[in-house]
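>>> Any chance you can model this:
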Amino acid sequence: MKWKVKPKAPADFFKKFPEYSPLIGQLLYNRGLKTQAQIDEFFNPDFLEDLHDPFLLKGMRKAVKRIIQAIKKKEKIIIYGDYDADGVCATAILFLTLKSLSFKNLDFYIPDREKENHGLSEKSIRELARSGAKLIITVDCASRDLEEVNLANSLGLDVIITDHHELGNELPSAVALINPLQENGQYPFRDLAGAAVAYKLACALLSAQAEESAGYLEKWLLDLVALATVADVMPLVGENRTLVKYGLAVLAQTRWLGLRELMKLAQVNIKIGQPAVIGQAPPTNLDAYTLGYILGPRLNAAGRMDHANNALRLLLSRDRKEARELAKRLNQTNLTRQNLTDKIVQEVINRLEEKIAKGEQLKLIFEGSSDWPVGLIGLVAGRISGRYCRPTFIYCEKKEKILVSARTIPQFNLIEAIESSAHLLDNFGGHKKAAGFQMRKSNLAKVKKFFHQLAEKKLKEGDLVPQIDIDMELSLEDINWPNHEAIQKFAPFGQANPQPKFSAKGLEVKDARIVGNNGKHLKMELMIFNGQASRGKTFKAIGFNLGDWQDKLKMGDAVDMVFELIVDEWNGHRDLQLKVVDLRPAR
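From the prediction side, this is the model:
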C-alpha cells in the first residue's frame, strides 16, 4: 500500500485564514476550498441560498408545461424508474409530488433487473401504451435510449427524461431532456443524483402550480434526496452537501412510515438537537454512514435479489403494518444478499489468486459465471476492484446474452473505454467510475481481448498500486478535542469529501490483542511522542479487519500509522481514539 501525504498548503493560505488552526486550514486547502465564499458555503450550507433554481436546468420549462397539460387533461402519467436506491427514491419523489397536486391518473413502472435492461425497453413501452398511458416521465435513466423513445413517440406516448448518466453524441427525441450534464446548460452544478434531478422537477412543478404546500413538501422530500445521493456515491460537495446536510435533519423527523420502520428495524436510534442559528439544519446523530451503509443497501437489496417495487412500496406506504412487513422483508433480503455476495467475491478471489500463482500479470480483471445473479455483479466488481486496484468487469451469462457490470480506478475511464468498444456491444450506460453493458455471448472473447489490450496500453504499473491519500502528518499536540470537534464540521463525509486521514510516525506499541468474532479486529494501545520524543501520551486504537497484525507485533515495537480520529464512548466516558486505516513497521 502506497502512502501519499497531500502537499502542504502555501504559507499565504494560512495567513489568509488565521482564524483556522493549521490542521483545519490544511483540510480546507486539500478540499479545494480556497476562498471565503467557498468556505462559508461549505461550513454553513443554507437551504434557501445554496440550492439552485430548478428552471436553470435545460428542458425544465418544457417538462413542466407538458406535465401541467397532462394534469389538466387527466392523461395517464407513468413514472418510469430504475431498480437501484437512486431510481426508487426518484420515483417516490415524483409520485408523492404528483399525488400532492391531487392528480390520480398516475402509476409507476420499475423494470425487473433479472428480466429487463436498465432504462426503457420495447416490451415495457408497448405494455404502457396498451395501458392507456400518454406521458412517461423517466427518472435516473433513458439518456441514451434513442430507439425506445422513438418507439414510444410512434405509439402516441410522450416522454420526459430526467437523468444524470452520461449522454451520447445523439440525444433522444423526448419532449424534454433534463440532465445536468447537457452541453450549453446554465445549471451551475453537474453532479446531482438521479433523485436530485427528479427533486428539481418536483420543486419546479410545485412552484409553477403555486401550491401553498410547496415549501412544506419540498423540505419533507429532502430525506429521499439525501439517501439517493449518498447511496449512488455522488460527490458530497457543492449543492449535494446542502441537500444531504438538510436531508439528514429531515430524515431524523421523516414523514415516511417506511423509512421510520426501516430505521427502527436496523436499530438506528435517532437523536436531534436544536439548530445553532435559525434556518440552519438541526444537528442529528444520523450521518452519511446511516444513508450509505444502513438504509441504502436495504433499499438496493430489493432490486438486486427480488423486485425494486418492494422498496418503492415501502417508501410510499401509509399503513404502519404494511410498512413494518416490507421493512422486515427488505432486511432479510439484504442479509441474503450479503451472504451471497461474500460467496461470489471469494470465488473470484480464488480464481485470481490461482492466476497470480501461475505468474499471470493482469492489468484488468474480467470474470463471470452463469450462476451469478445479475443484481450482485456490480457489488462484486466494486469489492474486487478495491482489493486488487484494477479495472474490474464482472459478468453473468443468460442464455445467449452477457450482462456486465464494471468498476474502475481513477486512471481508467469506463465510459470512454466502453464507448470505444460500442461496435461489439448491444447497449451500455453509466458513469466514468461505474458502468455496465450487454452483449451477445458470441462477442465475449472479442470484448475480453479488447479491454485487456486497452488496459495494457493505458495503464502503468504504478497505477495498479493501492494508494492511501493522507491529509497531513499529525504531531502529539494536534490530537486533541478542539481539533476533533472542528473536524466534525466537515461532515457529512463521503465522495469528494472523505473522512480526513492522518499519519503519525514512531508510535510505540504498549499493547495489542485481537477482538471481535473470529479475532478479526486489532485492539491496541499506542504511545505517541512529541517532536523531541521527550514526552508522550497513550491512545487507544482499533483496526477493523487487521487482526492478522497481532502476530507481527510485540510490546515496544515502533510503528507508523495512517488513521482517522474518532471517539470511543463507553459507560458515559468519551475518549479520543485512533481508527487504524493502515500500519507498517516504523521507518
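>>> Going by C-alpha atoms from here, please, whenever you check contacts or count neighbours.
OK.
>>> Trp256 against Leu315, yeah?
Yes. Trp256 lies in contact with Leu315 (Cα atoms under 8 Å); the separation is 6.4 Å.
>>> Counting neighbours, go ahead and name the busier of these two.
Leu315 (26 against 20; other Cα atoms under 10 Å).
>>> Mind telling me what element that one is part of?
Assigned by DSSP states H and E, Leu315 falls within helix 309-316.
>>> for that helix, what is the average pLDDT?
Mean per-residue pLDDT for helix 309-316: 98.
>>> quick thing: my sequence starts at 15, can you match it?
Understood, numbering begins at 15; the last thing we discussed is helix 323-330.
>>> Packing partners of the following helix or strand past it?
Next in sequence after helix 323-330, counting helices and strands by DSSP H and E, comes helix 334-371. With contacts defined as 3 or more Cα pairs under 8 Å, 6 or more residues apart in numbering; DSSP states H and E, the packing partners of helix 334-371 are helix 271-279, helix 310-319, helix 323-330, helix 391-402.
>>> what about 6 Å?
For helix 334-371, the packing partners by 3 or more Cα pairs under 6 Å, 6 or more residues apart in numbering; DSSP states H and E come out as helix 271-279, helix 310-319.
>>> could I get those helices as CSV with mean pLDDT?
Converted to CSV, those look like this (pLDDT from 0 to 100):
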stretch, mean pLDDT
helix 271-279, 97
helix 310-319, 95
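>>> Tell me which of these sits most buried.
Among those, the stretch with the highest mean neighbour count (mean count of other Cα atoms under 10 Å) is helix 310-319, at a mean of 25.
>>> shaky segments in this structure?
Counting by pLDDT under 70, the ranges of the chain that qualify are 225-229, 290, 292-293, 545-548.
>>> Spatially, which residue comes closest to the spatially most central residue of it, not counting chain neighbours?
The structure's the chain has its C-alpha centroid closest to Val247; by Cα atoms, centre = their mean the separation is 1.7 Å. Of all residues not flanking Val247 in the chain, Gln509 sits nearest, at 6.1 Å (Cα to Cα, 6 or more residues apart in numbering).
>>> What segments of the stretch 365-514 of the chain are helices?
Along the stretch 365-514 of the chain, counting by DSSP state H, counting those that start in this stretch, helices occupy 391-402, 428-434, 458-472, 495-502.
>>> Same list, those, but as JSON lines with distance to Asn164 please.
Putting these into JSON lines (distance: least, Cα to Cα, whole Å) gives the following:
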{"stretch": "helix 391-402", "distance to Asn164": "30"}
{"stretch": "helix 428-434", "distance to Asn164": "22"}
{"stretch": "helix 458-472", "distance to Asn164": "29"}
{"stretch": "helix 495-502", "distance to Asn164": "50"}
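>>> Report the contact partners of Val239.
Residues near Val239 by Cα atoms under 6 Å, 6 or more residues apart in numbering: 209-210.
>>> Also the one 3 residues further on?
For Ala242, the contacting residues are 99-100, taking Cα under 6 Å, 6+ apart as the criterion.
>>> re the thing from before, which one of the helices of the stretch 365-514 of the chain lies nearest to Asp64?
Nearest to Asp64 among the helices of the stretch 365-514 of the chain is helix 495-502; the distance by Cα to Cα comes to 20.7 Å.
>>> domain ranges for the chain?
Domains of the chain are assigned by automatic domain parsing as 68-269, 375-478, 483-599.
>>> Pick the most deeply packed of those domains.
Of those, domain 68-269 is the most buried (mean count of other Cα under 10 Å), at a mean of 21.
>>> how far is that domain from where the chain is centred?
Centre-to-centre, domain 68-269 and its host chain are 18 Å apart (Cα atoms, centre = their mean, to the nearest Å).
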